[in-house]
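# quick one, fold the following:
(one chain, ligands or ions: 1)
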Amino acid sequence: MLVAIDGPAGAGKSTVARAVARALGFTYLDTGAMYRAVALASTRGLDEVEALDIQFDGDLVLLNGEDVSSIIRTPAISDQASVVANDPSVREALVAQQRSIVARGDFVAEGRDIATVVAPDAEVKVYLTAHPAERARRRAAELGLDPEDVAAELLSRDERDSSHGRTTLRAAPGAWELDTTGMSIDDVVDAIVARVGEAQSS
Ligand code: DC
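Okay, here's the model as predicted:
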C-alpha cells in the first residue's frame with residue numbers, strides 16, 4: 001500500500017510522514033531528500049543524475065556512500081534543491097527511481113508530486129497545507145533561524161516549486177486536503193492514520 005503526502009515547504013510533511021510510517025509499520029520515503037542530494041552533488045560539479053547513487057539507511061541519506069543527512073538540510077542546499085528540481089531531466093530520473101522504490105512494499109512517500117506524478121494510483125493521497133506564516137514559524141523553529149527571513153525564503157521556493165509547467169505544488173485529483181494550521185502533529189498523524197485504516201478496510 002502507498003500513502004502519498006504532498007504539500008508545500010514547511011507544511012509539516014516530513015515530521016508527519018515519518019510518524020505516520022512508524023504508526024503503520026510502513027517505510028518512509030523522503031523524496032525531497034533525493035532532490036537535495038542531487039543539489040549537493042551539483043555544487044560539487046557532479047551534474048549527471050544517472051551516475052549518482054542515492055540511498056536511504058534508516059534516517060540517513062547516503063550520496064555515493066557518504067552520509068549527507070545533515071549537509072543537505074542547510075539553507076544553501078534547500079535553495080539549490082528547488083533549482084535542480086526545475087530541471088526536467090532531474091525530475092524524470094528521480095521520478096523513475098521513486099516509482100521503483102515504492103513498488104517494493106508498503107510506503108509513506110512524501111514530496112510535492114507523489115500523488116500527481118509519481119504514483120497517481122496511491123491508495124491514500126493527502127495534500128498537507130498550513131498558513132504561510134505558520135509554515136515559516138515551524139521551519140524557523142526547526143532551523144533556529146529568524147521567522148521573517150525564513151518566510152521570504154519559503155515564498156521564493158514556493159514560487160519556484162510551482163513555476164511554469166511544473167506539475168508540483170497542487171493537490172492531486174481525489175487527494176484529501178488537510179490544513180494543519182493550529183493542529184498539533186499528533187492530531188494530524190492520528191487523522192491520517194484513521195484515513196488509512198478506512199482505506200484498508202474498504
Ligand atoms: O521537501 P523538501 O524541502 O526537502 O524538498 C526540497 C526541494 O525539492 C523543494 O524545493 C521541492 C523539491 N521537490 C520536488 O520538486 N518534488 C518532490 N517530490 C520533492 C521535493
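# any buried residues in the lowest-mean-pLDDT helix or strand in the chain, and which?
Ranking every helix and strand in the chain by mean pLDDT, DSSP states H and E puts helix 147-161 at the bottom, with a mean of 86. Of the residues in helix 147-161, those buried by neighbour count under the rule 16 or more other Cβ atoms under 10 Å are 147, 150, 151, 153, 154, 157, 158, 160, 161. For every residue, glycine as well, the C-beta is placed using N, CA and C.
# so can I have a markdown table of the residues you listed showing distance to residue 79?
A markdown table is the format used below for these (distance: Cβ to Cβ, whole Å):
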| residue | distance to residue 79 |
| --- | --- |
| 147 | 17 |
| 150 | 12 |
| 151 | 15 |
| 153 | 7 |
| 154 | 11 |
| 157 | 7 |
| 158 | 13 |
| 160 | 9 |
| 161 | 11 |
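# related to what we said a few turns ago, then the least confident helix or strand of the chain to PDB, C-alphas only?
This file holds the C-alpha atoms of helix 147-161, laid out as PDB (Å, rounded to 0.1, in the frame of the first residue of the first chain):
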ATOM      1  CA  PRO A 147      10.900  33.600  11.000                       C
ATOM      2  CA  GLU A 148      10.900  36.700   8.700                       C
ATOM      3  CA  ASP A 149      14.000  35.500   6.900                       C
ATOM      4  CA  VAL A 150      12.500  32.000   6.600                       C
ATOM      5  CA  ALA A 151       9.200  33.500   5.300                       C
ATOM      6  CA  ALA A 152      10.900  35.200   2.400                       C
ATOM      7  CA  GLU A 153      12.900  32.100   1.600                       C
ATOM      8  CA  LEU A 154       9.800  29.900   1.700                       C
ATOM      9  CA  LEU A 155       7.900  32.300  -0.600                       C
ATOM     10  CA  SER A 156      10.600  32.200  -3.200                       C
ATOM     11  CA  ARG A 157      10.800  28.400  -3.000                       C
ATOM     12  CA  ASP A 158       7.000  28.100  -3.300                       C
ATOM     13  CA  GLU A 159       7.100  30.300  -6.400                       C
ATOM     14  CA  ARG A 160       9.900  28.300  -7.900                       C
ATOM     15  CA  ASP A 161       8.300  25.000  -7.000                       C
END
